[in-house]
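# here is a sequence with its predicted model. Questions after.
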Amino acid sequence: MILGKVVLVTGVARQLGGRFVRRIQRDPEVDRVVAVDALPPEHHLGGADFVQADIRQPTIGRVLAEHGVDTVVHMDVTGTPLGSGSRTTVKETNVIGTMQLLGACQKSPAVKRLVVKSSTNVYGSAPRDPAVFTETMPPKSLPSGGFAKDTVEVEGYVRGFARRRPDVAVCVLRFANILGPCADSPLASYFSLPVLPTVLGYDPRLQFVHEDDVIEVLRIASHEPARSTLNSGTFNVAGDGVLLLSQCARRLGRPTVPLLMPALSWAGSVVRTLGVTDFSPEQLRLLTHGRVVSTAQMRETLGYRPKYTTAETFADFARSRGPGLLPPEALSRAVDRIAALPALGGGHPPTQSAN
């Protein structure tokens with residue numbers, strides 16, 4: 001028998017949550033979708049039953065019981081506030097909301113599958129990090145704040161739930177930085193700035209995953225596979241390949257401003273002044289040291305191959321943001337000319353062209 005007949009989805013007031021609700025309804029195995037958020041969504045949810053409920057409150061337990069939910073997809077773990085919300089509200093929803101939701105799931109005998117939207121932020125970003133993180137590798141330095149710390153705490157509670165309810169299939173999806181036309185994240189806000197502050201002397205490697213691939217991986221994880229353990233566990237999800245931050249800036253057509261001061265707190269205040277509401281020190285560490293994860297388990301165990309590579313994901317995001325201050329081709333030529341200056345180690349003698 002296939003599970004997923006009644007699917008409850010949290011965080012549906014956000015565009016990504018709304019898209020997933022509309023997508024999962026089309027699956028023939030799904031009889032009903034219960035969409036939950038503290039705020040009513042501005043977008044449509046198709047034929048889903050919307051329940052306005054705050055997952056930080058015990059009322060979420062009644063929602064599970066009243067609707068006979070057997071599959072929970074927890075998407076309300078995010079790095080940005082919704083509407084007039086604050087960073088404090090986001091943290092409470094991420095951490096306390098997850099605790100309340102897991103407590104309700106633990107008491108519900110009907111719940112048989114739990115899917116949690118997490119992030120590769122749990123690995124942190126440090127100078128001695130491995131070249132590629134696998135799901136079993138611990139971070140060299142635990143995140144100390146912001147959304148990254150929230151995700152570490154969320155995953156800790158999820159592991160505790162899995163021990164207490166071994167009969168529930170638990171799937172944790174660690175998504176790389178999510179980008180696309182509707183992306184809503186601190187990094188998407190950063191890339192939307194007219195000028196990109198960078199850390200002097202560093203050009204980090206970055207990975208992205210497209211919104212469309214996020215929706216599809218969540219859908220696959222929401223269903224019971226042929227083998228009972230196939231979709232249980234923790235999986236990194238990212239598009240193929242990596243991009244350097246400098247490549248991202250060129251493709252956006254946006255100039256960069258290397259920060260001369262190494263103080264992360266000062267740099268963070270500058271970026272927040274420019275409009276990025278939750279640009280924590282962890283985000284600055286990402287823009288210093290980068291992060292790359294292995295997606296072998298996603299391919300071999302989940303059986304999913306992303307439609308978009310990291311470069312294709314970024315290209316789609318860049319198109320949605322419109323042209324930058326400089327055309328990408330002109331910016332690329334200018335950067336190459338600057339890099340060739342003798343003072344920067346360039347200035348090699350020109351080669352004679354053959355006629």
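Right, received. Where do you want to start?
# contacts only, for residue 311.
239, 241, 243 (CB atoms under 8 Å, 6 or more residues apart in numbering). C-beta coordinates here come from the backbone N, C-alpha and C atoms, glycine included.
# what's the closest non-adjacent residue to the first one?
Setting aside the residues directly before and after it, residue 239 is nearest to residue 310 in space (CB to CB, 6 or more residues apart in numbering), at 4.2 Å.
# host element of residue 17?
In this structure, residue 17 sits in helix 15-24 according to DSSP states H and E.
# quick one: residues contacting the closest residue to residue 75 other than its chain neighbours.
Excluding the flanking residues, the one nearest residue 75 by CB to CB, 6+ apart is residue 11, at 3.9 Å. Residue 11 makes contacts with 17, 37, 74, 75, 76, 77, 78, 117, as judged by CB under 8 Å, 6+ apart.
# contacts only, for the second one.
Read that as residue 37. Taking CB under 8 Å, 6+ apart, one finds 10, 11, 12, 13, 17, 50, 52, 53, 76 in contact with residue 37.
# same check, this time on the first one
The neighbourhood of residue 17, defined by CB under 8 Å, 6+ apart, consists of 9, 10, 11, 35, 37, 41, 75, 76.
# try 10 Å this time
Taking CB atoms under 10 Å, 6 or more residues apart in numbering, we find residue 17 in contact with 9-11, 35-37, 41, 43, 45, 73, 75-76, 78, 117, 215, 218.
# same question, the third one
With CB under 10 Å, 6+ apart as the criterion, the residues that contact residue 74 are 8-11, 36, 55, 97-98, 101-102, 105, 114-118, 154, 158, 172.
# what bridges to it?
residue 116 (DSSP bridges).
# hmm, back to that, inside helices: which ones of the contacts of residue 311?
Here DSSP state H is the test, and the contacts of residue 311 give no hits in helices at all.
# so of the contacts of residue 17, which ones are in strands?
The strands, defined by DSSP state E, take in 9, 10, 35, 36, 37, 73, 117 from the contacts of residue 17.
# now the end-to-end length of stretch 38-53.
Start-to-end span of stretch 38-53 (CA to CA, to the nearest Å) is 5 Å.
# give me the buried positions along it.
38, 41, 45, 48, 50, 51, 53 (16 or more other CB atoms under 10 Å).
# so which of these comes closest to residue 190?
For the buried residues of stretch 38-53, the closest approach to residue 190 (CB to CB) belongs to residue 41, at 25.4 Å.
# which residues touch residue 158?
74, 77, 98, 101, 102, 114, 116, 118, 170, 171, 172, 234.
# save those as a markdown table, and put in pLDDT and distance to residue 318 too.
A markdown table is the format used below for these (pLDDT from 0 to 100; distance: CB to CB, whole Å):
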| residue | pLDDT | distance to residue 318 |
| --- | --- | --- |
| 74 | 98 | 30 |
| 77 | 93 | 26 |
| 98 | 97 | 33 |
| 101 | 98 | 35 |
| 102 | 98 | 38 |
| 114 | 97 | 35 |
| 116 | 98 | 29 |
| 118 | 97 | 26 |
| 170 | 96 | 36 |
| 171 | 96 | 31 |
| 172 | 97 | 30 |
| 234 | 96 | 30 |
